[in-house]
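Student: missing the sequence, but the structure's below:
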């Protein structure tokens with residue numbers, strides 16, 4: 001299992017042109033059912049309701065991260081300083097961890113996690129360590145402790161921090177692939193940057209990954225691209241609206257189950273999650289198709305709230321939104337909630353304040369966070385933190401970008417009298433026009 005394939009496998013890819021698989025271990029991991037499940041989990045969840053071409057999967061992203069890692073550690077060791085290729089087990093460890101880093105993601109990943117309290121990283125480690133999984137059995141063929149080492153890379157505790165940083169840091173194979181892949185799939189230009197240049201100037205130094213000084217501007221461009229992708233794509237309010245509705249669907253289904261509601265078709269694959277008794281095997285049965293099937297059949301449920309929410313999601317009748325300030329707009333929220341109650345809409349399921357936040361780039365502040373900075377290695381060997389070299393990066397460093405929105409159903413679609421609709425419309429417009 002640790003040997004080379006007799007013939008290299010080559011996979012076409014629009015981002016990296018070709019993904020090269022040369023090792024028996026990697027090819028065997030790709031074939032496991034746990035990896036193949038990722039074909040049925042979309043990388044960007046519900047973003048395709050905003051950007052229709054964003055249909056790519058966690059599987060293709062995982063292959064991309066693997067390919068970036070392969071290219072990094074396959075470079076000439078004399079020039080780059082990488083010592084992984086000569087250390088066969090460390091080399092395979094880096095490749096396997098890159099490929100498997102997202103194997104624990106579930107359907108509608110972060111929205112599902114928020115409702116059911118799951119953790120994709122914990123499931124990733126469970127898939128790697130559970131002796132019943134195909135992934136574990138393949139990894140264990142290297143040797144008995146190899147799955148544990150891969151798991152330690154995932155949770156960032158592995159002794160060789162160079163491998164950890166190449167997969168999880170402020171500039172890593174994961175981020176580089178998803179920025180390029182997501183930009184390509186959505187059709188935007190924000191996420192593009194010179195990956196070829198970055199791969200040439202990355203190097204190991206003192207058990208970490210640093211950037212040669214000559215590559216500083218390429219990394220600067222990467223950080224700005226990431227910032228723009230979060231602001232323009234990942235935090236897009238229409239996508240957030242879809243996430244709000246899915247969140248409400250899950251919560252309504254859980255509430256109905258707890259009340260003893262008789263579903264027309266019992267949601268057997270979700271019962272363990274409703275009751276918080278789920279095991280790994282229950283989780284591995286879930287994918288986007290399973291969830292969309294439930295939304296499809298729940299459109300015909302007798303419960304009007306669940307039925308309406310599922311119809312909204314399936315037919316893209318999403319909630320409207322406006323800017324919201326939690327410190328000054330609480331009176332408006334209560335007025336709106338009262339108005340919805342009066343016409344028969346439960347605000348628990350039809351109103352939502354949602355906040356999206358990201359830290360585009362962070363400095364290292366001892367005692368305050370665990371994020372390691374991107375260090376630029378000068379010709380004299382001195383390390384200088386990126387924001388010191390770059391005024392552009394300094395402008396966004398350590399500053400959390402937050403967008404808060406209030407989501408509500410389109411007034412024109414409500415089941416209410418013309419007078420009630422007009423009064424509600426005036427209330428919403430009066431508030432939104434001041435934003």
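Tutor: Right, received. Where do you want to start? This is a predicted model, so every value here is computed, not measured.
Student: for the record, mean pLDDT for the strand ranked longest in the chain?
Tutor: If you go by DSSP state E, the chain has its longest strand at strand 4-13. Averaging pLDDT along strand 4-13 gives 96.
Student: again, but for stretch 306-314
Tutor: Confidence over stretch 306-314 (mean pLDDT, whole number) is 98.
Student: For it, could you pull out the residues that count as buried?
Tutor: Judged by neighbour count (16 or more other C-beta atoms under 10 Å), stretch 306-314 contains these buried residues: 306, 308-310, 312-313. All C-beta atoms are positioned from the backbone trio N, CA, C, and that covers glycine.
Student: residues of stretch 108-123 that come out buried?
Tutor: Across stretch 108-123, burial judged by 16+ other C-beta under 10 Å covers 108-109, 111-113, 115-116, 118, 120, 123.
Student: Pick the one among those residues closest to residue 15.
Tutor: residue 109 (20.4 Å; C-beta to C-beta).
Student: Please report how far the closest one lies from residue 309.
Tutor: With distances taken as C-beta to C-beta, to the nearest Å, residue 109 is found 20 Å from residue 309.
Student: who touches the nearest residue to residue 128 once chain neighbours are set aside in this structure?
Tutor: Excluding its sequence neighbours, the residue lying closest to residue 128 (C-beta to C-beta, 6 or more residues apart in numbering) is residue 151, at 4.8 Å. Residues in contact with residue 151, defined by C-beta atoms under 8 Å, 6 or more residues apart in numbering, are 125, 128-129.
Student: Now for these, which sits with the most neighbours around it?
Tutor: Ranked by the number of neighbours (other C-beta atoms under 10 Å), the contacts of residue 151 place residue 128 first, at 26 neighbours.
Student: Quick check: it touching residue 139?
Tutor: Yes. Contact status for residue 128 versus residue 139: in contact at 6.7 Å, counting by C-beta atoms under 8 Å.
Student: Find the residues that touch each one of those two.
Tutor: With C-beta under 8 Å, 6+ apart, residue 128 and residue 139 have common neighbours 147, 150.
Student: Tally up the residues packed near the closest residue to residue 412 other than its chain neighbours, please.
Tutor: The shortest distance from residue 412 to any non-neighbouring residue, by C-beta to C-beta, 6+ apart, is to residue 421 (6.9 Å). Using other C-beta under 10 Å, residue 421 has 16 neighbouring residues.
Student: Now residue 421: which helix or strand?
Tutor: Using DSSP states H and E, residue 421 maps to helix 418-432.
Student: quick one: buried residues of that helix?
Tutor: 420-421, 423-424, 427-428, 431.
Student: same thing with stretch 312-322?
Tutor: Across stretch 312-322, burial judged by 16+ other C-beta under 10 Å covers 312-313, 318-322.
Student: re earlier: ok, the buried residues of stretch 306-314 vs residue 326, which is closest?
Tutor: Minimum distance to residue 326 across these is 24.2 Å, recorded for residue 309 (C-beta to C-beta).
Student: nearest residue to that closest one other than its sequence neighbours?
Tutor: Residue nearest to residue 309 in three dimensions, not counting chain neighbours: residue 249, with 4.8 Å by C-beta to C-beta, 6+ apart.
Student: Over to residue 68?
Tutor: Closest residue to residue 68 apart from its sequence neighbours, by C-beta to C-beta, 6+ apart: residue 173 at 4.0 Å.
Student: what does residue 22 give?
Tutor: residue 8 (5.1 Å).
Student: State the number of residues packed around the one you found.
Tutor: Quick note: residue 8 (other C-beta under 10 Å) scores 12 neighbours.
Student: ok, now residue 163?
Tutor: Residue 163 has 26 nearby residues by other C-beta under 10 Å.
Student: Against residue 233, how distant is residue 64?
Tutor: To residue 233, residue 64 is 17 Å away according to C-beta to C-beta.
Student: So which of these two has more stuff around it?
Tutor: The neighbour comparison of residue 64 against residue 233 (other C-beta under 10 Å) goes to residue 64, with 26 against 23.
Student: which one is the more buried one nearest to, not counting chain neighbours?
Tutor: Excluding the flanking residues, the one nearest residue 64 by C-beta to C-beta, 6+ apart is residue 177, at 3.8 Å.
Student: What helix or strand is that neighbour located in?
Tutor: In this structure, residue 177 sits in helix 173-186 according to DSSP H and E.
Student: so where's this protein shaky on pLDDT?
Tutor: 1, 75-86, 363-371, 433-435 (pLDDT under 70).
Student: Assign the closest residue to residue 263 other than its chain neighbours to helix, strand or coil.
Tutor: Excluding its sequence neighbours, the residue lying closest to residue 263 (C-beta to C-beta, 6+ apart) is residue 301, at 6.7 Å. Here residue 301 is coil, with the state taken from DSSP: H, G, I helix; E, B strand; the rest coil.
Student: Next up, the contacts around residue 301.
Tutor: Residue 301 neighbours (C-beta under 8 Å, 6+ apart): 263-264, 307, 310.
Student: Helices - which of those land there?
Tutor: The members of the contacts of residue 301 that map onto helices under DSSP state H are 307, 310.
Student: And the contacts of residue 301, which is closest to residue 415?
Tutor: Nearest member of the contacts of residue 301 to residue 415, counting by C-beta to C-beta, is residue 307, at 12.6 Å.
Student: Pop the domain breakdown of this protein in here.
Tutor: Domain ranges of the chain: 4-187, 238-317, per automatic domain parsing.
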